[in-house]
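Chemist: Sequence first, then the predicted structure:
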Amino acid sequence: MLIQEQLLDLNEKKRAGHEFHLQYLAEILTRKGVDIQSVIEKIKAFQVAIPSWALGTGGTRFGRYPGGGEPRSLEEKIEDVGLLHALNRSSDSISLHIPWDIPGDAAALQALLKSHGLTIDSVNSNTFQDQSGQPLSYKFGSLSHTDAAVRRQAIEHNITCIEHGVALDSKVLTVWLADGSNFPGQQHFRRAWQRTADTLTDIYQALPDDWTLLIEYKPYEPHFYSMVIPDWGTSLSLCQYLGKKAHVLVDLGHHLPNTNIEQIVARLMHFGRLGGFHFNGSMYGDDDLTTGSIKPYQFFLIFNELVDAMSDPAVKNPPLAWMIDASHNTKDPLEDLLQSVQNILTTYAKALLLDRNQLEAAQQNNDVVTAEELLRDAFAIDTRALVAEAARQNGGAIDPIGAFRDLKIRENRIEKRGKKSVATGL
Ligand code: PSV
Ligand code: MN
C-alpha cells in the first residue's frame with residue numbers, strides 16, 4: 001500500500017506531460033481508426049516473468065562487479081520481483097532455477113507471493129553445473145551422457161524440479177541442455193540425440209497432465225563444436241517425439257548473427273509448437289543484453305509475427321510463457337529489468353497497431369513497397385505513452401525507472417542487505 005501511495009504522488013508530478021503525449025498519440029491513432037483503449041487493455045494484460053537469476057549482477061568469466069543490495073534468499077528475490085511488479089504492473093511472476101532457488105516452506109512462500117500479487121512461472125533445471133556433493137559429474141553431458149548412471153541422475157534432478165514446482169503451483173518445466181562436444185569425433189551425433197530423446201521421455205512421463213515441458217535450443221556455448229540441441233529443428237523433433245505437452249522455447253540470444261528469428265517464430269506457431277520465449281538483446285550471440293537495445297527493428301519484426309499468429313483464430317498455438325532471460329553486468333539489475341519490460345511492451349504495442357488487413361492485401365498483390373512501408377509506419381509510432389497509461393491504469397508508475405530512482409530503492413536495499421550481498425546465479 002505504501003508504495004502505491006508513493007506512486008500516486010510521483011504520477012501526479014508527471015501527469016501533465018504524460019497527458020499531453022497521450023492526447024497527441026490518441027489523436028493520431030483515432031484518425032487511423034484505432035480504438036486506443038482496446039490497445040491499452042491488451043498492454044495491461046501482457047505479463048512477463050522475471051527470472052530469479054537476473055536479480056543480481058551478472059558476470060563474465062573475467063569478473064563480476066556487484067552493485068550491492070542483491071537479494072540473499074528466495075524470499076528477497078520474491079520481494080524484488082514484487083517491487084518491479086508494483087512499479088510496472090507487468091511482471092506478475094518469477095521463474096526459479098533449481099538448485100539456485102531451493103524452495104523451503106512452500107506454504108510460506110505461497111503466502112509471500114500472494115502478498116505481492118505474484119505467481120511462480122517456470123521451474124528451470126540445471127544440469128549445466130556440478131553442485132557440491134553431487135555424486136556424478138556433468139562434464140561430458142547430462143541427459144545425453146554416455147553413462148546411464150549420469151543420465152539417471154539428470155532425470156532425477158528434473159523430476160525434483162517438477163516436485164518443487166508442483167508445491168508452488170508452477171505448470172512449466174524448462175530444460176536447457178548444455179550437452180555437446182568441443183572436438184570433431186568426440187560425440188556420436190545420432191546416438192546423442194537418441195539418448196536425449198529417451199531421457200526426456202522419462203522426464204515427460206513424470207510431468208503432470210496440466211504441465212508443459214519447454215525445450216530450449218542454443219547453437220553454441222558451453223560447447224563450441226556441437227550442441228546436442230543447437231537449433232529449433234532439433235527442439236521441435238524432440239517435442240514431436242515426446243508428445244503434446246512438449247513445446248519449443250525460443251531464447252532471442254540463442255541464434256547465430258543475422259538468423260531470421262521472426263520466421264522461426266512464425267513457423268513454430270504455425271505448427272502450434274511455440275511454448276515460451278526468453279527475451280534479451282544480442283550483438284554477437286548469447287550476450288544477454290537488455291532486450292530491444294541492439295536491434296529494435298528486428299525485435300519489432302519478431303513481435304509482428306507473434307501478434308499476427310496470436311490474432312489469427314486458425315493458429316492453434318498454446319498461450320506463450322513470456323520471460324526475460326538477461327544478465328546485467330554494468331547496469332543496476334532492477335533498472336535493466338524495468339527497461340526490458342518497457343521495451344517489450346512498447347514493441348508489442350507497435351505490433352498491435354499494424355494494420356493487418358492492409359498488410360495482407362499488399363502481400364497478396366505482391367506490393368513489396370506498401371507491405372514494407374506498413375511495417376515501417378507501425379515501427380515508427382512512439383508507443384511509450386500507451387505503455388505509461390497502461391501502467392497508470394493498473395496502479396503502477398507512469399515512469400517506472402524514474403520512480404525507482406526517486407524512491408531510492410537501490411540505496412534502501414544496500415542499507416538493508418549490505419554492500420556485499422551476492423545473489424545466486426551465474
Ligand atoms: C542458457 O544460456 C540460458 O538461456 C538458459 O535459459 C538457462 O536456463 C539460463 O540461460 C541460465 O542462465
Ligand atoms: Mn534462456
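Modeler: Structure's in. What do you need? Ligands and ions are numbered 1, 2, ... in the order given.

Chemist: which residues of the stretch 301-426 of the chain fall in strands?
Modeler: In the stretch 301-426 of the chain, the segments counted as strands under DSSP state E, counting those that start in this stretch are 321-324.

Chemist: show me where pLDDT drops low in it?
Modeler: Applying pLDDT under 70 to the stretch 301-426 of the chain flags no residue at all.

Chemist: Quickly note the distance from the residue lying farthest from the centre of the chain to Thr57.
Modeler: Distance from the centre of the chain peaks at Asn365, with 36.4 Å (C-alpha atoms, centre = their mean). Noted for Asn365: a distance of 52 Å to Thr57, by C-beta to C-beta, to the nearest Å. Yep, even glycine has a C-beta here, placed from its N, CA and C like the rest.

Chemist: who in the stretch 301-426 of the chain is up against ligand 2?
Modeler: In this structure, the stretch 301-426 of the chain approaches ligand 2 at residues Asp325, judged by C-beta under 5 Å from the ion.

Chemist: can you check the chain too?
Modeler: Residues of the chain lying near ligand 2 (C-beta under 5 Å from the ion): Asp251, His278, Asp325.

Chemist: I'd assumed Thr212 was in contact with Arg247.
Modeler: To be clear, residue 247 is His; Arg isn't right here. Yes: with contacts counted by C-beta atoms under 8 Å, His247 reaches Thr212, the gap being 5.9 Å.

Chemist: and Thr212, what are its bridge partners?
Modeler: Legend: beta-bridge partners of Thr212 under DSSP bridges are Val172.

Chemist: quick one, what contacts the residue lying closest to Asp231 once chain neighbours are set aside?
Modeler: Sequence neighbours aside, Tyr217 is the residue nearest to Asp231 in space, at 5.4 Å (criterion: C-beta to C-beta, 6 or more residues apart in numbering). Tyr217 makes contact with Met227, Ile229, Pro230, Asp231, Trp232, Thr234, Ser235, Val248, Leu249, Asp251, His254 under the criterion C-beta atoms under 8 Å, 6 or more residues apart in numbering.

Chemist: And for Leu375?
Modeler: Applying C-beta under 8 Å, 6+ apart, the residues near Leu375 are Phe300, Leu301, Asn304, Leu354, Leu359.

Chemist: With respect to Ala397, which of those residues is nearest?
Modeler: Comparing those against Ala397 with C-beta to C-beta places Phe300 closest, at 24.4 Å.

Chemist: Give me the neighbour count for the closest one.
Modeler: Phe300 has 22 neighbours, counted by other C-beta atoms under 10 Å.

Chemist: For it, which non-adjacent residue is closest in space?
Modeler: Phe379 (4.8 Å).

Chemist: surely the one you found meets Gln298?
Modeler: No: counting by C-beta under 8 Å, Phe379 stays clear of Gln298, with 10.4 Å between them.

Chemist: Tell me which stretches of the stretch 151-300 of the chain form strands.
Modeler: 172-176, 180-181, 212-216, 226-227, 246-251, 274-279.

Chemist: Give the other helices and strands that the last one contacts.
Modeler: Using 3 or more C-beta pairs under 8 Å, 6 or more residues apart in numbering; DSSP states H and E as the contact criterion, the neighbours of strand 274-279 among helices and strands are strand 172-176, strand 212-216, strand 246-251, strand 321-324.
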